[in-house]
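Engineer: Provided below are the primary sequence and the corresponding predicted coordinates.
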Amino acid sequence: MADQPGSESAVRNLTPQEVADGVKDGRIVLVDVREPNETAVERFPGAVLVPLSAFDPATIPAPPGSEVVFACRSGRRSVTASLAAQEQGFDYAAHLAGGILAWKAAGLPTET
């Protein structure tokens with residue numbers, strides 16, 4: 001699916017505030033697909049780290065009733081992760097549009 005034109009439509013864009021609210025309420029499991037060297041500098045509070053270089057959606061802890069949302073630096077790798085998970089049969093169809101750059105621009109906190 002990832003190599004088909006227009007396949008990005010299979011991934012829903014969520015705003016930083018939607019994601020932050022969902023994480024706070026326990027409805028969203030935020031999965032950061034950036035690499036360890038990136039997350040060592042700055043990361044999303046409470047995110048699960050699953051680097052795209054070793055991506056395996058089966059390792060994501062997703063409690064029943066929660067939604068898995070992917071995030072990265074700018075939103076490109078998170079779409080890739082979502083599409084890859086869907087290709088493997090997982091119903092993980094959302095990402096943080098704009099990544100950590102949009103998260104910070106919205107005034108949301110990060111950890112260092």
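Structural biologist: Great, that's in hand.
Engineer: Any idea what the nearest residue to residue 96 once chain neighbours are set aside is bridged to?
Structural biologist: Take residue 96 and drop its neighbours on the chain: the residue closest to it by CB to CB, 6 or more residues apart in numbering is residue 71, 4.0 Å away. Yep, even glycine has a C-beta here, placed from its N, CA and C like the rest. Note on residue 71: beta-bridge partners by DSSP bridges are residue 32.
Engineer: residues in contact with residue 71?
Structural biologist: 19, 30-34, 44, 47, 78, 95-96, 99-100, 103 (CB atoms under 8 Å, 6 or more residues apart in numbering).
Engineer: Next step: those restricted to strands.
Structural biologist: Residues from the contacts of residue 71 lying in strands, with DSSP state E as the criterion: 30-32, 95-96.
Engineer: Between all of those residues, which two are at the greatest distance?
Structural biologist: Using CB to CB, the pair of the ones in strands among the contacts of residue 71 lying farthest apart is 32 and 95, separated by 11.1 Å.
Engineer: Look up how far residue 40 lies from residue 66.
Structural biologist: Per CB to CB, to the nearest Å, residue 66 is found 26 Å from residue 40.
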